[in-house]
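1. Turn this into a structure:
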Amino acid sequence: MSKQWMLGLLVAAAPVAASAEVLVGGIVDVLVDGGNTYNWDKVALAGTKCGNGSQYKFFVHRSTTGSQNLLFFFEGGGACWDYDTCSGRAGVIGAANPNGIADDYMQQFTAKYVSPIVNGADPGLPFRSRTDIATKDWNIVYLPYCTGDVHVGNNVATYPDQTGQQPPLSWHHSGYTNTTAAINYAKTQFPNVQKLLVTGYSAGGTATSASYYFVRRGINPARGYFLNDSGPIFPAASTQDLSRSLHLKIRQSWNLDSVFNQFPASFDRNNMGTINRMVAMEFPNDQLAYTGYSRDYNYSRFSYERFLTPNDKESVLTYWKADQDKLVAEMNQFNNYSYFIPHERQINASHCSTIITFVGAHACQKMEKKKWYEYASEPWQSYKCNSEMISMSTFLQRFINENQRVRVYEPVNGYNAEDPGMQVLAPLINGAIGG
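-> Numbers count the residues shown, from 1 in each chain. The predicted structure is shown next:
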């Protein structure tokens, strides 16, 4: 079976046959009571493009209850800066939708099951009902991803085929133009937004932080929120910082200086991580948040695997944890930052907290090894939460509906790994999306 769903959802791959997509959809629909059947309006604006030069398309869903709240959603799907990763030849280590966006994209598998936040409900498992969450029946602007530049690039690049088998690839890193067009369109359609939530996962999480300044100013809601899911922009002020090489690469390939020039002075173009500080300072009354797993072995590979040695799994995860600690220290300086950082989830290599299902997306500030006398309760578990176990649904409720600052940074533990339900569910979901 093709890996289209996992890769289109999280990392990127070539399209699959419709029959395979139907089969995978059926499997996941059994595992999680998810998916949406919304009515979506296709929007194709002049001057917007996918990486291959085809027409860019985004999609709008209008609330059925007259809500004045708006979800501005950035889809994820890897990144690219050379022939292999932009053309689709690299497969997993590449950019989503290299052949553009189909007219029926929102009826296909990725968009239907992408996120409980889009679908307005935490999908249930067999014998467990769906649970409505904070974004239930919001208006939605959904931005598919087909430019390989975390929705913010501003360049037409030419990438030669290093094998010499194909002519050079002309690639449109048009993310900034596409995003700006979608913002302007959304303002005409939703002129009086009360709550604006900008969010996305993986590359879309990076876009959330990178583009929030533009979305927030363009839409001008009564209240603004952003949630970056697993696309952190880490501090990297010096050549010794772990994410510096990645930042330098994309800054050049995507012509990011042309975008950075529009940011206020609180952003330092020589340290992309200052974007976290900039949005906190520019919008001090907004609620901002980051979520991701400490054992994320997906985005961490993009960050370090091609730039640092050693680059085995544990080395990569060590780099990730060091950068994550610096990001948390940065967020702690601002009262309007929340964070929700569980240790690991066996679904999708611990990448992304808000995709597919919230099962396993929970965090405990005091997750500790059990004492010998505590094994009578749940004897299969060697870890116990000695504070509040906060689910993603609860986090969203407090963050969006109650305007609370929530900060949970879970310590190292094996709670999810030992959970019998997760041991059954995770292989089934991973097999369905990647097998």
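2. Please make it C-alpha for all contacts and neighbour counts, starting now.
-> Will do.
3. Report the secondary structure state of the closest residue to Thr239 other than its chain neighbours.
-> Leaving aside its chain neighbours, Thr239 sits nearest to Ser245 (7.7 Å; criterion: Cα to Cα, 6 or more residues apart in numbering). The three-state assignment at Ser245 reads helix, by DSSP: H, G, I helix; E, B strand; the rest coil.
4. for Ala102, same thing?
-> Under three-state DSSP, Ala102 comes out as coil.
5. so the nearest residue to Ser294 once chain neighbours are set aside is in which element?
-> Computed as Cα to Cα, 6+ apart, the closest residue to Ser294 that is not its neighbour in sequence is His343, at 4.8 Å. Using DSSP states H and E, His343 is not contained in any helix or strand.
6. Can you report how many residues neighbour the residue nearest to Thr239?
-> 18 (other Cα atoms under 10 Å).
7. Thought Phe307 was touching it, still the case?
-> Yes. Assessed by Cα atoms under 8 Å, Ser245 is found in contact with Phe307 at 6.4 Å.
8. Just give me the residue right at the centre of this protein.
-> Among the residues of the chain, the one closest to the centroid is Tyr201, at 0.9 Å (Cα atoms, centre = their mean).
9. Please name the bridge partners of that one.
-> Asp229 (DSSP bridges).
10. what's near enough to touch Asn403?
-> Residues near Asn403 by Cα atoms under 8 Å, 6 or more residues apart in numbering: Gln287.
11. Quick check: it vs Asn336, distance?
-> Asn403 sits at a distance of 10 Å from Asn336 (criterion: Cα to Cα, to the nearest Å).
12. any shared contact partners between the two?
-> Gln287.
13. mind checking how far stretch 351-361 is from the chain centre?
-> Offset of stretch 351-361 from its chain centre (Cα atoms, centre = their mean, to the nearest Å): 11 Å.
14. That should have said stretch 284-294, apologies.
-> Relative to its chain's centre, stretch 284-294 lies at 12 Å (Cα atoms, centre = their mean).
15. Quick one: mean pLDDT over that stretch.
-> The pLDDT scores in stretch 284-294 average 98.
16. Pull out the buried residues from it.
-> 286-294 (16 or more other Cα atoms under 10 Å).
17. shaky segments in the stretch 301-435 of the chain?
-> Applying pLDDT under 70 to the stretch 301-435 of the chain flags residues 432-435.
18. all helices of it, in order?
-> With DSSP state H, counting those that start in this stretch, the ranges of helices along the stretch 301-435 of the chain come out as 313-331, 392-396, 415-418, 420-434.
19. Thr110: how many residues sit nearby?
-> Count around Thr110 with other Cα under 10 Å applied: 23.
20. Unless I misread the structure, it falls within a strand.
-> No. Counting by three-state DSSP, one finds Thr110 to be helix, located in no strand.
21. Against Ser350, how distant is Arg269?
-> Applying Cα to Cα, the value for Arg269 to Ser350 is 30 Å.
22. more crowded one of the two?
-> A side-by-side neighbour count of Arg269 and Ser350, using other Cα under 10 Å, places Ser350 first with 22 against 18.
23. Surely the more buried one touches Tyr299?
-> No. In this structure Ser350 lies outside contact range of Tyr299 using Cα under 8 Å: 9.7 Å.
24. Now that the residue nearest to Ser294 has come up, it's in contact with Glu410, right?
-> Yes. Between His343 and Glu410 there is a contact at 5.7 Å, judged by Cα under 8 Å.
25. so what sits against both of the two?
-> Common contact partners of His343 and Glu410 (Cα under 8 Å, 6+ apart): Ala363.
26. which one of those two has more residues nearby?
-> Neighbours were counted for His343 and for Glu410 using other Cα under 10 Å; His343 has more, 24 against 21.
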